[in-house]
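J.: coords please:
(one chain, ligands or ions: 1)
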Amino acid sequence: MNILEQIVSEKKQSLKRVQPYNFREIEAIIATARYQSNPWVNLFNLKNEPVIIAEIKLGSPSRGSIISPEAVPYYLSEYQKAGASALSVVTEEKYFKGNTTLLKMVIQNTHLPVLRKDFVINDFQIYQSAYFGVGALLIIVKILSLSKIRKFIHLCEQLNIIPLVEIHDQQDLEKAIEARANFIGINNRNLTSLEVSLHTTESLLPKIPDQITIVCESGIRSREDLQQFMDLGINHFLIGEYLLFHSQPGEALRELKGVKKHASSKNLRNNPS
Ligand SMILES: O=C(O)c1ccccc1NCC(=O)[C@H](O)[C@H](O)COP(=O)(O)O
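T.: Okay, here's the model as predicted:
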């Protein structure tokens, strides 16, 4: 089994241990979700300026532990002050050390829109995301049949959640288009080999219809990387490790956005010109 198969297999097992929502609970979730406005709609309509979705990922199969749960408030504050447009929270438990408590905590402590990143394989996870107030949810094409993708997109729409349909290759793209995805995340990380190549986005981009909003995911490490995609017409980016491993995540985010460093007051006084 490759790593993606292992993650999905564990996910199936863990979902078997969860008590599903009953009919009344589902009705209540649908009724509440219907009347909420979704900030992701405006965010995905933004053109030309870089829209950075900064990720909270406590660990990963490729990196092991990344940050401790105690550090999350610090990253939230840094991301917000530096002008992140939205947040991504990885909630998978075993390999990414996330959970829904983390998701809930982030949602309660931010004004930014939140994307939930997990390995969605059944309806319960989608209702649960709506229950927690998630505005966008990752749907990974590689782990789903075409009919499931269609069904999940439809359910997300019914629950006022933006389904971000994630692809990595031509086959995934064809499935996403057939499922009528309007929001596509191109993951530069191959989820079976864990190799990362920015060339993935470059090669798939020309094949994606213009009306689809694209998010470039994974492996972005510099302003140059980001600019290269801006020049190709992409302005939505999902960035995790570069920020999480940086000693000054806020400063790193500002640099990615192309915001010039503020000169300190001391420097200004010493160099008034
Ligand atoms: O991050 C991993 O190792 C990983 C392994 C298997 C499936 C998914 C994985 N990561 C999810 C993501 O794609 C990233 O968290 C996200 O796109 C941000 O990427 P990065 O900026 O490279 O942290």
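
J.: Which strand or helix spans Lys11?
T.: helix 3-16 (DSSP states H and E).

J.: For that helix, list every residue counted as buried.
T.: The neighbour-count check on helix 3-16 (16 or more other CB atoms under 10 Å) flags Leu4, Ile7, Val8, Lys11 as buried. (C-beta placed from N, C-alpha, C; glycine too.)

J.: again with stretch 147-163
T.: Lys148, Ile149, Arg150, Phe152, Ile153, Leu155, Cys156, Leu159, Asn160, Ile161, Ile162, Pro163.

J.: Kindly reformat the buried residues of helix 3-16 as JSON lines containing pLDDT.
T.: Below are the buried residues of helix 3-16 laid out as JSON lines (pLDDT from 0 to 100):
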{"residue": "Leu4", "pLDDT": "98"}
{"residue": "Ile7", "pLDDT": "98"}
{"residue": "Val8", "pLDDT": "98"}
{"residue": "Lys11", "pLDDT": "98"}
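
J.: Now for these: which two are most distant?
T.: Leu4 and Lys11 (10.5 Å; CB to CB).

J.: How many residues are close by the residue of the stretch 101-250 of the chain found nearest the ligand?
T.: Nearest residue of the stretch 101-250 of the chain to the ligand, counting by CB to the nearest ligand atom: Gly240, 2.7 Å away. Using other CB atoms under 10 Å, Gly240 has 23 other residues around it.

J.: That one contacts Lys57, correct?
T.: Yes. Gly240 is within contact range of Lys57, at 4.8 Å (criterion: CB atoms under 8 Å).

J.: which parts of the protein sit against the ligand?
T.: 3, 55, 57, 60-62, 90, 187, 189, 191, 194, 217-220, 238-242 (CB under 6 Å from any ligand atom).

J.: From the ligand, how far off is His35?
T.: Residue 35: Tyr, not His. 31 Å (CB to the nearest ligand atom, to the nearest Å).

J.: wait, what's in contact with that residue?
T.: Counting by CB atoms under 8 Å, 6 or more residues apart in numbering, Tyr35 touches no other residue.

J.: ok, now how distant is it from Pro73?
T.: 30 Å (CB to CB, to the nearest Å).

J.: so who does the residue nearest to Thr100 when sequence neighbours are not counted touch?
T.: For Thr100, ignoring the flanking residues on the chain, the nearest one in space by CB to CB, 6 or more residues apart in numbering is Thr91 at 5.9 Å. By CB under 8 Å, 6+ apart, Thr91 lies in contact with Gly98, Asn99, Thr100, Leu102, Leu103, Arg116, Lys117, Asp118.
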